[in-house]
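Trainee: sequence and predicted structure, then a few things I'm wondering about:
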Amino acid sequence: MAERTQRISYFPLAEMDSQMMAVMNRCAAEGTPRPESSAIRAHSQAAFWAFDRSWDRLFRNGVVDHSIKELCRVYVSRSVKCEYCGNQRSEAAQLAGISEGKLDELLNFETSGAYSERERAALAYAEAITWRLDPDDSFWERLRAHFSEEELVELACFIALTMGQQSWIRLLNIDHHEVLAGSAASLAPGFESKDALNASKQSPDYWGAPKK
């Protein structure tokens, strides 16, 4: 495995105030986001709090099914190849039935039988935003058959938020188990510890492996 050079340092935990540490401890206990990406954002108070509040309102809460937002989040991970984000899982979405098998089919969502029509429509929306597609009227008719305008706005803002963050985070060369280590909260199977993470990344079936 090639040596990894981290591009932006983790902000020291000892220099965080009690409110920021409460967020960091929640990240370690609940995940999605995990502590490392939050420790990067902590260099900027504005960025730290803007992301935390937006993520809470758009991902954890809101009117769109959380499980649909999790499918879109992982779809973006696979699309922009953010391994750090793509190796996280929402525990709430897992409890709602989002299995690893379902996530493995994401890039083939239109032809896979793993998704409902509503889920496929949401993923088509994520695809159009991520890849800057120029869909026709039938695309919008499809979306309107499954989502209200309130839901379409919320979902688009969430997709844009996670796409922007993941497109940036993939450049940073950060990984799990480096800040507040010892927690396996919201990690994908095979990434529960540093040793397990390294072994999983060496597998020929690893989703983030370089294309040959």
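Mentor: Looks like it came in fine. Residues are numbered from 1 along each chain as shown.

Trainee: tell me if I'm right that residue 90 and residue 186 touch.
Mentor: Yes: Residue 90 lies in contact with residue 186 (CB atoms under 8 Å); the separation is 6.5 Å. From N, CA and C alone the C-beta is placed, and that goes for glycine too.

Trainee: mind listing the shared neighbours of these two?
Mentor: Common contact partners of residue 90 and residue 186 (CB atoms under 8 Å, 6 or more residues apart in numbering): residue 32.

Trainee: got any ranges where this protein has weak pLDDT?
Mentor: 1-2, 212 (pLDDT under 70).

Trainee: go again with 90.
Mentor: Along the chain, the parts satisfying pLDDT under 90 run over 1-4, 210-212.

Trainee: longest helix of it?
Mentor: The longest helix of the chain (DSSP state H) is helix 149-169.

Trainee: now the angle from the strand or helix carrying residue 128 to helix 149-169?
Mentor: Using DSSP states H and E, residue 128 maps to helix 117-130. Computed by axes from the mean of the first three to the mean of the last three CA atoms, to 10 degrees, the angle separating helix 117-130 from helix 149-169 equals 50 degrees.

Trainee: please begin residue numbering at 41 from this point
Mentor: Understood, numbering begins at 41; the last thing we discussed is helix 157-170.

Trainee: show me what helix 157-170 is packed up against.
Mentor: Where contact means 3 or more CB pairs under 8 Å, 6 or more residues apart in numbering; DSSP states H and E, helix 157-170 is packed against helix 106-120, helix 177-184, helix 189-209.

Trainee: what is the second one packed up against?
Mentor: Read that as helix 177-184. Helices and strands touching helix 177-184, by 3+ CB pairs under 8 Å, 6+ apart, are helix 157-170.

Trainee: which residues touch the helix it packs on?
Mentor: With CB under 8 Å, 6+ apart as the criterion, helix 157-170 contacts 104, 108, 111-112, 115-116, 119-120, 146, 149-150, 155, 173, 175, 179, 182-183, 185-187, 192, 195-196, 199-200, 203.

Trainee: coming back round to it: just how off-centre is the longest helix of the chain within its chain?
Mentor: Centroid separation for helix 189-209 versus its chain: 10 Å, with CA atoms, centre = their mean, to the nearest Å.

Trainee: just to revisit the earlier point, now distance to residue 222 too, for the helices and strands packed on helix 157-170, in TSV please.
Mentor: Formatted as TSV, these follow (distance: least, CB to CB, whole Å):
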stretch	distance to residue 222
helix 106-120	24
helix 177-184	42
helix 189-209	22
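
Trainee: grab the nearest non-local neighbour of residue 51.
Mentor: Leaving aside its sequence neighbours, residue 51 sits nearest to residue 82 (CB to CB, 6 or more residues apart in numbering; 3.7 Å).

Trainee: circling back to that earlier point, in JSON lines: the helices and strands packed on helix 157-170, plus distance to residue 77 and mean neighbour count.
Mentor: Putting those into JSON lines (distance: least, CB to CB, whole Å; neighbours: other CB atoms under 10 Å) gives the following:
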{"stretch": "helix 106-120", "distance to residue 77": "12", "mean neighbour count": "23"}
{"stretch": "helix 177-184", "distance to residue 77": "30", "mean neighbour count": "12"}
{"stretch": "helix 189-209", "distance to residue 77": "6", "mean neighbour count": "18"}
